[in-house]
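[1] What follows is a predicted structure for the sequence shown.
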Amino acid sequence: MPPYQAHLTSEKRIEERTRTRLRSGKLVTLDGRFITECHFHNIAGGGARIRVVGQCAIPIRFWLFDDQHRSALITEIVWRKDAELGVRFVDNAGVPYLSDAMLNALSGKYYSL
């Protein structure tokens with residue numbers, strides 16, 4: 001960004017974000033229970049902006065499953081506006097990883113546990 005534009009942005013993320021289109025995912029509690037589906041708006045190295053599908057209670061920390069990559073990361077809500085959430089990826093050694101069976105179930109065409 002040119003120096004004369006640096007003051008025009010309130011950008012706080014460290015890494016550049018990557019816009020996504022029609023990329024889906026799922027929110028799962030830290031103990032492995034399905035919460036809801038979501039769509040990614042953009043992803044940065046340290047977090048993402050997502051839109052949840054439907055109204056439901058969402059905890060501050062949860063697993064964010066990426067349908068495209070069939071993987072999940074622990075996330076923490078940084079901001080919320082209606083159905084959109086800004087989340088950052090966090091490390092938490094105390095939370096067990098989702099099992100291969102759970103990841104396979106989440107990646108299925110028709111999700112069910």
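    Structure's in. What do you need?
[2] separation between residue 107 and residue 96?
    Residue 107 is 19 Å from residue 96, where distance means Cβ to Cβ, to the nearest Å. Yep, even glycine has a C-beta here, placed from its N, CA and C like the rest.
[3] okay, these two: which has more neighbours?
    The neighbour count for residue 107 versus residue 96, taken as other Cβ atoms under 10 Å, is higher for residue 107 (17 against 10).
[4] how distant is stretch 77-91 from the center of its chain?
    With Cα atoms, centre = their mean, to the nearest Å as the basis, stretch 77-91 stands 8 Å off its chain's centre.
[5] neighbouring contacts of that stretch?
    The contact list for stretch 77-91 (Cβ atoms under 8 Å, 6 or more residues apart in numbering) reads 38, 41, 46-53, 58, 60-61, 64, 73-76.
[6] what do you get if the cut-off is 7 Å, keeping everything else the same?
    Applying Cβ atoms under 7 Å, 6 or more residues apart in numbering, the contact partners of stretch 77-91 are 46-52, 60, 64, 73-76.
[7] Just the buried residues from those, in PyMOL please.
    Those of those that count as buried under 16 or more other Cβ atoms under 10 Å are selected in PyMOL with:
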select buried, resi 47+48+49+50+52+64+73+74+75+76
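[8] There's contact between residue 24 and residue 65 in this structure, I believe.
    No. In this structure, residue 24 is not within contact of residue 65 by Cβ atoms under 7 Å, at 9.4 Å.
[9] When those two are compared, which one has more neighbours?
    Higher neighbour count among residue 24 and residue 65: residue 65, with 24 against 15, using other Cβ under 10 Å.
[10] Looking at that one now. What's its pLDDT?
    Each residue has a pLDDT score; the one for residue 65 is 96.
[11] same question, the one 10 residues further on
    Reading off the per-residue confidence, residue 75 sits at a pLDDT of 97.
[12] before we move on, what SS does it have?
    strand (DSSP: H, G, I helix; E, B strand; the rest coil).
[13] and it, what are its bridge partners?
    Applying DSSP bridges to residue 75 gives these bridge partners: residue 62, residue 89.
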